[in-house]
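Undergrad: Predicted coordinates and the sequence they were generated for:
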Amino acid sequence: MPLIDEPRLLYNGAVPSLLPGVGLESPRKKIRTQPAGARDDLRKRQLHGREELFERLPFRDGEVWIDFGGGAGANLELLGNRIRSLRTVYLVEHSPALLQAAEERIARHGWNNVVALPEDAAELPLRLENADVVTFSYSLTQIADWYTALENAWRFLHPNGHIGVVDFYVSRKYPKPGFVRHDDRTRWFWPWWFAGDDVFVSPDHVPYLHQLFEPIHFAERRGPIGSLPLAKAPYYLFVGRK
């Protein structure tokens, strides 16, 4: 959909963000500033592909899972009762407010095998044990040093361990054959729109994931954004193996 052909989109989505005190919040900012119940509801409606990602990951009894940038712990609930069969779950989150919300969620469910760590995904200590599954659910775009975060994920994974990532993205201008190629408007608009909230949509996540890990499942899609009803933001889903 050409942006120049949709004046309402430009007014409702782009133009207000240039005005002082006005503008629409990105999905991530809305989610972080909402109470817990409303925050979880917004995640379900605006952060697409999360449920599918956790359905595709092979969680097995007695394994270790690291959720990088786990926020308030909503991802943990996507496993249902399976989470209790894991040996240890590490939720890595550097935001004190979100970490507190995660700890409250963990206590409410009585998950004695879940540990919330106040760490940056790019600066994890070596004391963290190796994992069988690592995940980034709409967190990679908020990690400034995301290259190091992915390298940490690779480092902490056991051989044949699995990684799952879902996040917003744009394609490279000239992606490899078989990958979606976004037009110039898409590749300009979404990084610009998200950047105001320190969410950095990148054309390099997808190629680097394919370089570091053996792809098992990969999908490139678009999903509606509540504050931009005429637009659908590109996102990808990646499941790979070390």
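TA: Arrived safely, thanks for sending.

Undergrad: Could you pull up phi and psi at residue 130?
TA: Main-chain torsions, residue 130, degrees, to the nearest 10: phi -70, psi 150.

Undergrad: Kindly report the same for residue 175.
TA: The phi/psi pair for residue 175 (degrees, to the nearest 10) is phi -70, psi 160.

Undergrad: And residue 185, how far from residue 112?
TA: 50 Å (C-beta to C-beta, to the nearest Å). Bear in mind the C-beta positions are built from the backbone N, C-alpha and C, glycine included.

Undergrad: Tell me, how many residues neighbour residue 230?
TA: Residue 230 has 14 neighbours, counted by other C-beta atoms under 10 Å.

Undergrad: do residue 170 as well
TA: Residue 170, neighbours per other C-beta under 10 Å, totals 24.

Undergrad: And what about it, helix, strand or coil?
TA: coil (DSSP: H, G, I helix; E, B strand; the rest coil).

Undergrad: can you pull out the strands in the chain?
TA: 64-68, 88-92, 114-117, 131-137, 157-168, 214-225, 228-241 (DSSP state E).

Undergrad: tell me which residues in the fifth one are buried?
TA: Residues of strand 157-168 classed as buried under the neighbour-count rule (16 or more other C-beta atoms under 10 Å) are 157, 161-168.

Undergrad: next one: phi and psi at the residue most central in space within the chain?
TA: Centrality entry for the chain: nearest residue to the mean C-alpha point is residue 138, 1.3 Å, by C-alpha atoms, centre = their mean. Per-residue torsions, residue 138: phi 50, psi 40 (degrees, to the nearest 10).

Undergrad: Surely it touches residue 47?
TA: Yes - counting by C-beta atoms under 8 Å, residue 47 is a contact partner of residue 138 at 5.0 Å.

Undergrad: Comparing residue 185 and residue 112, which residue is more hemmed in?
TA: residue 185 (12 against 9).

Undergrad: measure the more buried one to residue 163 for me?
TA: 31 Å.

Undergrad: And residue 85, by the same measure?
TA: 20 Å.

Undergrad: Next: residue 170.
TA: Counting by C-beta to C-beta - residue 170 and residue 163 are separated by 21 Å.
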